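>>> compute the structure for the input listed below.
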Amino acid sequence: MGSEGPTAVTINITGFKKFHGVAENPTEKMATNLKEYLAKNSQSKDMVLGSCTVLETAGQGALASLYQLLQSAVNTKESESLTSGKTIWVHFGVNSGATKFAIEQQAVNEATFRCPDELGWKPQNLPIVPSDGPISTVRKTTLPVEEITKALEKKGFEVITSDDAGRFVCNYVYYHSLRFAEQNKTSSLFVHVPLFVAVNEETQMRFTASLLEVLASICN
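Next up, the predicted model:
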C-alpha cells in the first residue's frame, strides 16, 4: 500500500458560559453554533470538528468535568483506532477589554482570581497543580503560535500573540489542558476573543473557522 495522504486533524472546541461582568459570553455562542456554521461555510478536508462544549466559568469546582471532557477525546480516538490523526483542543475565552484576537502561548501555574468564579471560588496566589512546583511555573503550547498568528493576519484578521492568559479561569483551564496534552500526546491552544460590541459575531465566526483551517494546514 502506498501513502494515503494526510490524515484529518481532529479539533475539539470549548467556550465559556457567562461570568462576573460578562452576561453574554461570545465564546458560548460560538461553541454552540460552530458545527452549523462550518457545515455551511468551511471547505476544509483536512480537519474534523470533534466536540464543541460550553464550560462552566469555574476553576476547582469544574475540574473533574474538564478532565472527563479531555479524556473523552482520547478515548474516542482509541476506540476508533485513529492512531495517526492529530488531536487538538482549542479553548476560547473572552477578554472584555480587547479589540483584537489573541493567541496565547502559555499558561502559568497560578490561580489568583480577581473575583469569585461562578461556583464561588476565589483563590489567591495558589498553585494550580502543587506538584508542578511554584506559581511561577510555566507550560507552553507545542503549536507554532507565531506561524498561526501570521497566517490569520494574512486572512485579514486583527490578531496578536500573547504570553499572558491572565490568572483567572482562562489560565486555569489552559494550564490543565496543556498538562493533559503533554501526558496524552495531544495539543492545546487558548484563544482570547473580544466582546461582540468590539468585533461582531459574523467576524468572530469567520475568524474561528479560519483558525481551524490554519491549524489543520499546519498540522498536516
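>>> can you tell me the strand partners of the helix or strand containing A107 and which way each runs?
Applying DSSP states H and E as the criterion places A107 in strand 106-108. Strand 106-108 sits in its sheet next to strand 138-140 (antiparallel), going by DSSP bridges.
>>> show me what counts as buried in the following helix or strand past the partner strand.
Remark: after strand 138-140, the chain's next helix or strand is helix 145-154, criterion DSSP H and E. By 16 or more other Cβ atoms under 10 Å, the buried positions in helix 145-154 come out as V145, I148, T149, A151, L152. Every C-beta, even on glycine, is put in place using the N, C-alpha and C of the backbone.
>>> list the contacts of the residue positioned nearest the centre of the chain.
The centroid of the chain falls nearest to H91 when counting by Cα atoms, centre = their mean (1.6 Å). Contact analysis of H91 by Cβ atoms under 8 Å, 6 or more residues apart in numbering lists I13, T14, C170, V173, Y174, S177, S188, L189, F190, V191.
>>> buried sites along the least confident helix or strand in the chain by mean pLDDT?
Of all helical and strand segments in the chain, the minimum by mean pLDDT, DSSP states H and E falls on helix 63-79, at a mean of 86. Residues L66, L69, L70, A73, K77 are the ones in helix 63-79 that count as buried (16+ other Cβ under 10 Å).
>>> residue contacts, E28?
Per Cβ under 8 Å, 6+ apart, neighbours of E28: G15, F16, K17, K18, V54.
>>> is it true that it lies in a strand?
No: residue state for E28 (DSSP: H, G, I helix; E, B strand; the rest coil) corresponds to helix; a strand is not indicated.
>>> now, of the contacts of E28, which are buried?
G15, F16, V54.
>>> surely the last one meets G15?
Going back to what we said before, that points to V54. Yes: proximity of V54 to G15 meets the contact threshold set by Cβ atoms under 8 Å, at 5.2 Å.
>>> and for these two, which residues touch both?
In contact with both V54 and G15: T27, E28, A31, T32, using Cβ under 8 Å, 6+ apart.
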